[in-house]
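Asker: would you be able to build a 3D model of this:
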Amino acid sequence: MGLQGALQLLYPPQCISCSAPVQSDFGLCADCWRETPFISGLVCDRCGVPLPGQDDGEHATCDDCIAIARPWDRGRAALMYAENGRRLVLALKHGDRMDLARPAATWMLKAAQPILTPGMIAVPVPLHWMRLFRRRFNQAALLSRNIARAAGLDHCPDALVRRRSTGNQDGKTRDARFANLVDAFAVPRVREGRVRDRDVLLVDDVMTSGATFAAASEALLAAGARSVAVLALARVAKGD
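Answerer: Next up, the predicted model:
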């Protein structure tokens, strides 16, 4: 028996959500899999929200993305922010479950396949330094690092900085969310060369109104990025 086999005898694989026995590491048990709302089928090509109808290969757009100017080109998400999707996001974000970044990145990369381009660079949405100090890690950076590694993309975790603390967006209207994030992000001068003339994959854990992605995309484009595509672990449904 090899070392891996011995370790599995001592520490058998457990579901990453409920700790029930599973067949392999970093997996979900059957019950948790059924309760995890993975996004599939027809989605909005700009924000990744599921849409009614069949996926015929054409680019579809949701009502919000028709009505709201999106500075990025395309977008995807792996899960809906509901049921076990919400629990997993909160565990990663606030429960010190950094181990979740690896399987989450696998799900995200699968969702992102249609929007990836050769030579793309992965960039996480940054936290303000005060929040990073309190939390000790940026969950978006953990996700983008694992995605970049699995996809063979360049990764620049400090391509963006958050100029000021924008507080919690919960409870704000859509317009208030966008107003709160105006000019909140910037590309440091020493990182402009990393994003100039590049297609950027902008990564975050949750997309709600798209205000954070919009402000961060505008900063990247202002620094010379050729295009921006956005990728979230979870997408909040319209009206949530």
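Asker: which residues in the protein form helices?
Answerer: 3-10, 30-34, 63-67, 83-94, 101-112, 129-135, 139-151, 174-180, 192-195, 211-222 (DSSP state H).
Asker: a markdown table please, covering these and showing mean neighbour count.
Answerer: Just so you know, the C-beta spots here come from the backbone N, C-alpha and C atoms, and that holds for glycine as well. Listed next are those as a markdown table, based on neighbours: other Cβ atoms under 10 Å:
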| stretch | mean neighbour count |
| --- | --- |
| helix 3-10 | 10 |
| helix 30-34 | 14 |
| helix 63-67 | 12 |
| helix 83-94 | 18 |
| helix 101-112 | 21 |
| helix 129-135 | 12 |
| helix 139-151 | 22 |
| helix 174-180 | 14 |
| helix 192-195 | 17 |
| helix 211-222 | 23 |
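Asker: looking at these, which is nearest to Leu231?
Answerer: helix 101-112 (5.0 Å; Cβ to Cβ).
Asker: and that closest one, how far out from the chain middle?
Answerer: Offset of helix 101-112 from its chain centre (Cα atoms, centre = their mean, to the nearest Å): 9 Å.
Asker: how many degrees apart are it and helix 83-94 in direction?
Answerer: Between helix 101-112 and helix 83-94, the angle comes out at 130 degrees (axes from the mean of the first three to the mean of the last three Cα atoms, to 10 degrees).
Asker: tell me what helix 101-112 is packed against?
Answerer: In this structure, helix 101-112 packs against strand 74-80, helix 83-94, helix 139-151, strand 227-235, with contacts taken as 3 or more Cβ pairs under 8 Å, 6 or more residues apart in numbering; DSSP states H and E.
Asker: Ile16 is nearest to which of the helices of the chain?
Answerer: Here helix 101-112 is closest among the helices of the chain (Cβ to Cβ), at 5.9 Å.
Asker: residues near the nearest residue to Val125 once chain neighbours are set aside, how many?
Answerer: Leaving aside its chain neighbours, Val125 sits nearest to Asp204 (4.1 Å; criterion: Cβ to Cβ, 6 or more residues apart in numbering). Neighbourhood size, Asp204 [other Cβ atoms under 10 Å]: 22.
Asker: was I right about Asp204 contacting Ala234?
Answerer: No - between Asp204 and Ala234 there is no contact under Cβ atoms under 8 Å: 9.5 Å.
Asker: residues of stretch 69-88 that come out buried?
Answerer: In terms of neighbour count (16 or more other Cβ atoms under 10 Å), stretch 69-88 has its buried residues at 70-82, 84-88.
Asker: rewinding a little: got the helices of the chain as CSV, with distance to Ala159 and mean pLDDT columns?
Answerer: CSV is the format used below for the helices of the chain (distance: least, Cβ to Cβ, whole Å; pLDDT from 0 to 100):
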stretch, distance to Ala159, mean pLDDT
helix 3-10, 36, 51
helix 30-34, 34, 96
helix 63-67, 24, 94
helix 83-94, 21, 95
helix 101-112, 18, 97
helix 129-135, 15, 87
helix 139-151, 10, 97
helix 174-180, 22, 87
helix 192-195, 6, 97
helix 211-222, 7, 97
